[in-house]
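**Student:** need coordinates for the below:
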Amino acid sequence: MFWQTSRHLIDLRQPRVMGIVNLTPDSFSDGGDHAGPGAALRHCEQLLAEGADILDLGAESSRPGAAVLPADEELARLLPVLRDAVRLGVPVSVDTYKPRVMQAALDLGADIVNDIWALRWHEAGEAPGAGQAVVAAHPNCGVCLMHMHGEPATMQRAPMDGDAPAQVRSFLAEATLQLRARGVAAERIVLDPGVGFGKTVAQNFALLAHQADLLALGHALLVGWSRKSSLAAVAGGADRPASERLVPSVAAALLAVERGARILRVHDVRDTVAALRVWRAATPSTFDDTP
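**Tutor:** Below is the predicted model of the structure:
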């Protein structure tokens with residue numbers, strides 16, 4: 001299995017680590033730690049030295065309660081870092097849901113659009129499906145479609161009801177179908193169940209337990225358990241900073257890989273890479289023969 005992106009064909013026969021680069025002052029875990037293009041680029045280089053396969057740049061926080069950031073401000077944070085990040089020799093993902101930001105990022109050479117809204121969001125005056133149109137117009141960029149219930153400002157105040165795996169599968173199946181209908185090749189698309197995005201603790205872990213249901217859709221799975229509050233809810237330490245959730249984050253990442261996830265979106269690259277090396281030593285044939 002491979003993920004086609006703008007400049008790179010990513011081999012997913014072994015799990016890949018996507019390092020998070022937050023360019024925001026208010027992200028739930030490390031907001032403000034990498035403010036300014038110089039600090040952000042140094043963080044990119046550090047993540048690559050620690051073993052990241054992909055960089056994921058985000059200039060707007062999607063933490064619970066976050067408000068929408070104007071596109072111009074998002075672009076002002078993102079583009080100076082992206083210009084240098086695309087020269088680092090690895091796939092670069094841009095975590096955005098705004099079609100205008102997607103287009104600007106792709107024009108600068110970004111490889112992947114990673115969208116928490118699964119290409120549904122559009123600005124006032126934009127036609128519905130504007131994000132789909134941006135991705136479809138590009139010859140080969142990668143895209144990650146994520147499930148989110150509600151929106152960041154309110155999603156955890158009114159999380160979804162009912163059977164999360166079934167609802168997430170249905171949503172992602174429809175989002176994929178719409179994008180494929182626009183001519184986007186299947187190998188460009190990966191899916192993300194959206195851990196922590198409008199879901200209860202029990203629903204998040206149900207998604208992990210039933211990952212096979214999502215894999216049956218035929219696309220690689222990207223998961224983002226890193227430092228999520230659901231981990232603290234079951235492992236303890238809810239009163240401590242999110243940056244202290246390393247051990248449960250790595251444990252959840254390995255469980256996700258055991259259940260077939262191919263891309264791990266993480267803050268703690270070095271420790272996740274080390275854990276994957278141990279896992280790989282015990283399961284050397286896993287994924288090797290996957291077409």
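
**Student:** buried residues, the lengthiest helix in the chain. List them.
**Tutor:** Criterion DSSP state H: the longest helix present in the chain is helix 164-181. Residues of helix 164-181 classed as buried by neighbour count (16 or more other Cβ atoms under 10 Å): A164, P165, Q167, V168, R169, F171, L172, A173, A175, T176, Q178, L179. Every residue, glycine included, has its C-beta placed from N, CA and C.

**Student:** now swap in stretch 179-189 and tell me
**Tutor:** For stretch 179-189, the buried set under the neighbour-count rule, 16+ other Cβ under 10 Å, comprises L179, V184, E187, R188, I189.

**Student:** for the residues you listed, which one is nearest A242?
**Tutor:** Nearest to A242 out of the buried residues of stretch 179-189 is I189 (Cβ to Cβ; 29.5 Å).

**Student:** who's the closest one bridged to?
**Tutor:** Counting by DSSP bridges, I189 is bridged to V143.

**Student:** can you check the pLDDT for it?
**Tutor:** Note for I189: predicted pLDDT of 98.

**Student:** ok, it - contacts?
**Tutor:** By Cβ atoms under 8 Å, 6 or more residues apart in numbering, I189 lies in contact with G142, V143, C144, L145, T176, L179, R180, H219.

**Student:** so how far is P99 from it?
**Tutor:** I189 sits 17 Å away from P99, going by Cβ to Cβ, to the nearest Å.

**Student:** now Q178
**Tutor:** Q178 is 15 Å from P99, where distance means Cβ to Cβ.

**Student:** repeat that for S61.
**Tutor:** The gap separating S61 from P99 is 19 Å, by Cβ to Cβ.

**Student:** the more surrounded of these two?
**Tutor:** Legend: neighbour count by other Cβ atoms under 10 Å for S61 and P99, higher for P99 (24 against 20).

**Student:** isn't that one right up against E126?
**Tutor:** Yes. Using Cβ atoms under 8 Å, P99 is in contact with E126, at 6.4 Å.

**Student:** coming back round to it: just checking, what packs against the longest helix of the chain?
**Tutor:** Helix 164-181 sits against helix 130-137, strand 142-146, strand 189-192, helix 201-209, helix 211-215, with contacts defined as 3 or more Cβ pairs under 8 Å, 6 or more residues apart in numbering; DSSP states H and E.

**Student:** report the angle between the second one and helix 130-137.
**Tutor:** Our comparison of strand 142-146 with helix 130-137, counting by axes from the mean of the first three to the mean of the last three Cα atoms, to 10 degrees, yields an angle of 150 degrees.

**Student:** one step back: winner for burial among the helices and strands packed on helix 164-181?
**Tutor:** Among the helices and strands packed on helix 164-181, ranked by average contacts under mean count of other Cβ atoms under 10 Å, first place goes to strand 142-146 (a mean of 27).

**Student:** quick one: list the elements packing against that one.
**Tutor:** When contacts are defined as 3+ Cβ pairs under 8 Å, 6+ apart, strand 142-146 packs onto strand 112-115, helix 164-181, strand 189-192.

**Student:** again, only using 6 Å
**Tutor:** Packing contacts for strand 142-146, counted by 3 or more Cβ pairs under 6 Å, 6 or more residues apart in numbering; DSSP states H and E, involve strand 112-115, strand 189-192.

**Student:** contact partners of the first one?
**Tutor:** Identification of contacts with strand 112-115 by Cβ atoms under 6 Å, 6 or more residues apart in numbering yields T5, D56, S93, D95, Y97, M102, V135, G142, V143, C144.

**Student:** spatially, which two of the residues you listed are the most separated?
**Tutor:** Maximum distance among those (Cβ to Cβ): 18.3 Å, for T5 and Y97.

**Student:** as a markdown table, the helices and strands packed on helix 164-181 with distance to M18 would be great.
**Tutor:** As requested, those are exported to a markdown table (distance: least, Cβ to Cβ, whole Å):
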| stretch | distance to M18 |
| --- | --- |
| helix 130-137 | 18 |
| strand 142-146 | 9 |
| strand 189-192 | 10 |
| helix 201-209 | 18 |
| helix 211-215 | 17 |
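
**Student:** so which of those is nearest S249?
**Tutor:** It is, among the helices and strands packed on helix 164-181 and with distance given as Cβ to Cβ, helix 201-209, at 12.8 Å.

**Student:** list the helices and strands the closest one packs on?
**Tutor:** Packing contacts for helix 201-209, counted by 3+ Cβ pairs under 6 Å, 6+ apart, involve helix 164-181, helix 229-235.

**Student:** same thing but 8 Å
**Tutor:** Packing contacts for helix 201-209, counted by 3+ Cβ pairs under 8 Å, 6+ apart, involve helix 164-181, helix 229-235, helix 246-258.
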